[in-house]
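J.: Structure, please.
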Amino acid sequence: MFQGMRYVYEVYKEMSFSKAARNLYISQPSLSAAVKKAEQEAGFPIFDRSTSPIRLTEPGREYIRAVEMILDVENGFQNYINDLNGLRTGSISIGGTNLFVSFLLPPLLSRFTASYPAVEIQLAEASTEELTEKLFAGQLDLIIDNSRMDPSVYESAFVCEDHLVLTVPRTFPSVKKAAAYGLTAQDIRRGLHLLADTPAVPLEFFKEDPFLLLKTGNDTRSRAEKICRASHFSPHVRLKLDQQITAYNLSSYGMGISFTGDILINRVPASENLVFFKLGDKDAARSVHFYYKKNRYLSQTVRAFLMCGRDGELLP
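T.: Residues are numbered from 1 along each chain as shown. Predicted coordinates for the structure are as follows:
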């Protein structure tokens, strides 16, 4: 029944026969014929071709779920075989949002590839929602994220803490009002915002200012809204953005106030146009973890990478 499942799965991922055919390096008629044959063997249509883009039928969704289970088992067995080769071969697939792929993964990947140059590394950059789907489906070995993921489904390995601070253009009049609480980028890098005797700024200073928030569904956006609600105001949102780095850069040009993690501030050039303020709310602190699927074979390759991500600390 599952002959040709890789062809079917590629069409499912792209929801397009033409794109899937390009990915598979075959002609579209050949792909269509292979999928049609798979549907005949299954005894039902997998795709509803009457819509644009195409979509799965109800039995098609069950077919894809079964395919993902098969691929997960295959990947686990391949990891076992790779382990027998002692990391002389193998691969690891890692996903993360733009923030983590850009600022946390590079030094870890550099350290890992220096020790295991023959291991193939695949990176996926996407939203947390998309990455979680790929991890669950077995398309990724690991994702790095600051979300809280279901512990009954996923295991985790701690990476670091991230602390949100308020990032305010120096030209805003509110900066003068809150001058006693202001911090520089150098102060953040020295960790002054983490000290108990560093006072948190009252957000009432900034109630009338424009804010640059990330789009709904992003963890930083959710935390920013909670922090503002706790201070009894709703921010005036000038722009809704996809990336934290974009909000940070726009803040440096005076467009509005943003919420920025110290992970980013510690890794980008300091801007003299910005003043930072400690946030006292508990939602300003969050943990970053590597997540991997529970009960899935954890290959030696993945374990070795996680050790790099935790400064050599072994997994439990």
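
J.: where do the helices sit along the stretch 201-316 of the chain?
T.: Here the stretch 201-316 of the chain has its helices, by DSSP state H, counting those that start in this stretch, at 219-230, 244-252, 262-265, 300-309.

J.: Between the ones you listed, which one is closest to L135.
T.: helix 300-309 (12.1 Å; CB to CB). Yep, even glycine has a C-beta here, placed from its N, CA and C like the rest.

J.: Can you dump the C-alpha atoms of the closest one in PDB for me?
T.: Taking C-alpha atoms only, helix 300-309 is exported to PDB below (Å, rounded to 0.1, in the frame of the first residue of the first chain):
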ATOM      1  CA  GLN A 300      25.000   9.300  18.700                       C
ATOM      2  CA  THR A 301      25.200  12.200  16.300                       C
ATOM      3  CA  VAL A 302      22.400  14.100  18.100                       C
ATOM      4  CA  ARG A 303      23.800  13.300  21.500                       C
ATOM      5  CA  ALA A 304      27.200  14.600  20.400                       C
ATOM      6  CA  PHE A 305      25.600  17.800  19.200                       C
ATOM      7  CA  LEU A 306      23.700  18.300  22.400                       C
ATOM      8  CA  MET A 307      26.900  18.000  24.300                       C
ATOM      9  CA  CYS A 308      28.300  20.800  22.300                       C
ATOM     10  CA  GLY A 309      25.100  22.800  23.100                       C
END
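
J.: Using neighbour counts, pick out the buried residues of it.
T.: 300-302, 304-309 (16 or more other CB atoms under 10 Å).

J.: so what secondary structure elements neighbour it?
T.: Helices and strands touching helix 300-309, by 3 or more CB pairs under 8 Å, 6 or more residues apart in numbering; DSSP states H and E, are helix 58-84, strand 91-96, helix 105-115, strand 142-145, strand 154-169, strand 285-293.

J.: Quick one: name whatever helix or strand follows the fifth one.
T.: The reference is to strand 154-169. helix 173-177 (DSSP states H and E).

J.: what comes up buried for that next one?
T.: Neighbour-count burial for helix 173-177 [16+ other CB under 10 Å]: 174-175.

J.: Among the helices and strands packed on helix 300-309, which comes closest to P210?
T.: For those, proximity to P210 was assessed by CB to CB; strand 154-169 is nearest, at 9.7 Å.

J.: on that earlier part again, CSV for the helices of the stretch 201-316 of the chain, including distance to P151 and mean pLDDT?
T.: Listed next are the helices of the stretch 201-316 of the chain as CSV, based on distance: least, CB to CB, whole Å; pLDDT from 0 to 100:
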stretch, distance to P151, mean pLDDT
helix 219-230, 17, 95
helix 244-252, 26, 97
helix 262-265, 23, 96
helix 300-309, 17, 82
